[in-house]
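In: the sequence isn't on hand, but the structure is:
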């Protein structure tokens, strides 16, 4: 029996070694611009100025594209903002976003909610945190709910603490008591 098995094993070994090598298939649908240079999950990014924490960004999925100088954020992002004394003031959440690495501006997209520590809530489809002056802005429809009033309109600008805000085109204003 072993005289039969041994030649069969030798024959399989030789036959297997002489076969053509199989090349893996390459997916040509993707270009090099579509593939990120870096990719990370459950990431935390610190924005600092002169050694002081200004903001902390958490993202479920992060993709860095060096050529475009941008970082795409997915899977529910959260940004915590801090004042000059490094005390937490505001939280901004969104489903996805983008960081422009030329300006360090952050674009929050889809179901954006900004809440400050005094209870002011601002919602919109899209907001941008402008790094140069640390302001939160939007040219989309926004709703601001505070303990004293409810304001809706188009176009919005605020300091990152959501204490001083402007809506440029107000479409609705009321007080919580009148609802």
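Out: Structure received. Please read all numbers here as calculations on a predicted model, not as lab measurements.

In: for this protein, which segments count as strands?
Out: 38-49, 52-65, 70-74, 77-82, 88-94, 96-100, 105-116, 121-130, 135-145, 150-159, 165-174 (DSSP state E).

In: got TSV for those strands, with distance to residue 7 and mean pLDDT too?
Out: To be clear about C-beta, it is placed using only N, CA and C from the backbone, and glycine gets the same treatment. As requested, those are exported to TSV (distance: least, Cβ to Cβ, whole Å; pLDDT from 0 to 100):
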stretch	distance to residue 7	mean pLDDT
strand 38-49	51	89
strand 52-65	55	91
strand 70-74	58	92
strand 77-82	65	93
strand 88-94	68	95
strand 96-100	63	93
strand 105-116	67	94
strand 121-130	72	95
strand 135-145	77	94
strand 150-159	82	94
strand 165-174	86	92
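
In: TSV for the ones you listed, including mean neighbour count?
Out: Below are the strands of the chain laid out as TSV (neighbours: other Cβ atoms under 10 Å):
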stretch	mean neighbour count
strand 38-49	13
strand 52-65	18
strand 70-74	19
strand 77-82	20
strand 88-94	20
strand 96-100	21
strand 105-116	20
strand 121-130	19
strand 135-145	19
strand 150-159	18
strand 165-174	13
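
In: between those strands, which one is closest to residue 23.
Out: strand 38-49 (26.0 Å; Cβ to Cβ).

In: elements contacting the closest one?
Out: strand 52-65 (3 or more Cβ pairs under 8 Å, 6 or more residues apart in numbering; DSSP states H and E).

In: which residues touch residue 148?
Out: Residues near residue 148 by Cβ atoms under 8 Å, 6 or more residues apart in numbering: 175-176.

In: 6 Å instead?
Out: The contact partners of residue 148, taken as Cβ atoms under 6 Å, 6 or more residues apart in numbering, number zero.

In: one more: residue 151?
Out: Residue 151 sits next to 144, 167, 173 when contact means Cβ under 6 Å, 6+ apart.

In: ok, now how distant is it from residue 52?
Out: 32 Å (Cβ to Cβ, to the nearest Å).

In: same deal with residue 130?
Out: 18 Å.

In: next one: residue 42
Out: 25 Å.

In: ok, residue 132 next?
Out: Residue 132 is 16 Å from residue 52, by Cβ to Cβ.

In: my guess is residue 44 meets residue 58, correct?
Out: Yes: taking contacts as Cβ atoms under 6 Å, residue 44 lies within contact range of residue 58: 5.3 Å.

In: residues contacting residue 131?
Out: So residue 131 contacts 103-105 (Cβ under 6 Å, 6+ apart).

In: specify the beta-bridge partners of residue 59.
Out: residue 43 (DSSP bridges).
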